[in-house]
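Asker: give the three-dimensional model of this entry:
(one chain, ligands or ions: 2)
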Amino acid sequence: MILRFVRGTPEDDVQRVRARLEREGHRTVRSPERERPILAVIGKIKPATLSELERDPAIEARVRSEIPDLVLVHRAFREGPTVARVGSVRVGGDDVVVIAGPCSVEGREAVLEVAHAVREAGAHILRGGAYKPRTSPYAFQGFGVEGLSQLKAAGEAVKLPVVSEIMDAADLPAFLDHHIDCLQIGARNMQNFSLLKAVAASGLPVLLKRGLAATVEEWLFAAEYLAAFGAREIMLCERGIRTFEKATRNTLDLTVLPLMREWSHLPILVDPAHAAGIARIIPPLSRASIAAGADGVAVEVHLDPSVARSDGPQALLPGEFARLVAEARVMAAVTGRRLHPPPGSPAA
Ligand code: PEP
Ligand code: MN
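Answerer: Numbering: from 1, shown residues only. Ligands and ions are numbered 1, 2, ... in the order given. This is a model prediction of the structure:
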């Protein structure tokens, strides 16, 4: 249950309620909102205690989550949509962001070239996989630590924060050593709970992809894990789900965009690349994502997709990507928002 106090309630009153609930064995979490105290209460509250809370004049509303125990990522736990910071980039709120880069980091020069191209075209965050979750054990597995170093160097050269997928908690020190700005939890690891806990404890921003066959509820609980174990900056990313359809790699589920707005305060991005698997249909899917309320899109870019070491068929050429960013700017405006200013610019 989420307790929303009257705006301006003295902290002593909040702590009194909190202490009472904790004496009864509940874990409680105070939201960071200062003006209006909000308290998440884990576990079922006894009827007698509940009726006491109902009579407490300091408590304006008691919100029972539609999904029991889903409280920290629940919309009612915050005053409005939250904004996650990745480096100097704000994800969520009134801005639309674009994440771009190669599927895999393929070498120091290669990632630097793509970084320049996407930065010039207007990307806000540079992506690139150093640890790759490949279906075949014989496919390119990524350069590991060396890939992280190459990605970060490219990000620094073009002044963009970087995001990269982590598959194993044991690799966390390498991500921290290389100052990776955001950890991506891939679709295949959305319910790897020990990884979620370790990533959450690192304190770094997290981009949480939806599992290949995860329900909205399972996905939100994965985000709840992150929040419960210490993550403060969490972003959801829809990347297509498994269906009977074989014409595309996955099926892009845009229905989650308006739905997540109702259920959660977290920013939500769309990765149409892994949903479609076909480069030429990514621009219209990106437009549709922003039209439906996405806080941003994540796509893959390669200078020569025919030789990409992974996901070549869904990689955009730099020119195609530049058009996509121009369209994202228009779609952001159509939906009453704006394309996030380039990192480092005075407006950012
Ligand atoms: C990726 O971003 O390259 C990736 C492997 O994504 P997903 O986990 O969504 O398949
Ligand atoms: Mn990929």
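
Asker: residue ranges of the strands in the stretch 201-348 of the chain, please?
Answerer: Using DSSP state E, counting those that start in this stretch, the strands of the stretch 201-348 of the chain run over 206-209, 234-238, 268-270, 296-300, 338-339.

Asker: average pLDDT for the fourth one?
Answerer: I take that to be strand 296-300. Average pLDDT, strand 296-300: 98.

Asker: let me have the strands of the stretch 201-348 of the chain in a markdown table, adding mean neighbour count and distance to residue 261 as columns.
Answerer: (Glycine included, C-beta is placed from N, CA and C.) Shown next, in a markdown table, are those (neighbours: other Cβ atoms under 10 Å; distance: least, Cβ to Cβ, whole Å):
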| stretch | mean neighbour count | distance to residue 261 |
| --- | --- | --- |
| strand 206-209 | 27 | 16 |
| strand 234-238 | 27 | 11 |
| strand 268-270 | 28 | 8 |
| strand 296-300 | 29 | 14 |
| strand 338-339 | 17 | 18 |
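
Asker: how about the ones you listed in CSV, adding distance to residue 288?
Answerer: Listed next are the strands of the stretch 201-348 of the chain as CSV, based on distance: least, Cβ to Cβ, whole Å:
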stretch, distance to residue 288
strand 206-209, 19
strand 234-238, 12
strand 268-270, 9
strand 296-300, 10
strand 338-339, 16
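
Asker: and the ones you listed: which comes nearest residue 42?
Answerer: The closest of the strands of the stretch 201-348 of the chain to residue 42 is strand 234-238. By Cβ to Cβ, the value is 17.8 Å.

Asker: sorry, back to before: nearest to ligand 2, out of the strands of the stretch 201-348 of the chain?
Answerer: Go through the strands of the stretch 201-348 of the chain one by one with Cβ to the ion and the one that ends up closest to ligand 2 is strand 296-300, at 5.6 Å.

Asker: which residues are in contact with that closest one?
Answerer: Contacts to strand 296-300, defined as Cβ atoms under 8 Å, 6 or more residues apart in numbering, come from residues 91, 96-103, 124, 127, 207, 237, 267, 269-273, 282, 286, 289-290, 311, 314-316, 321, 324, 328, 340.

Asker: quick check, residue 98 in a strand?
Answerer: Yes - counting by DSSP: H, G, I helix; E, B strand; the rest coil, residue 98 falls inside a strand.

Asker: number of residues surrounding it?
Answerer: Close neighbours of residue 98, defined as other Cβ atoms under 10 Å, add up to 26.

Asker: nothing else from me, thank you.
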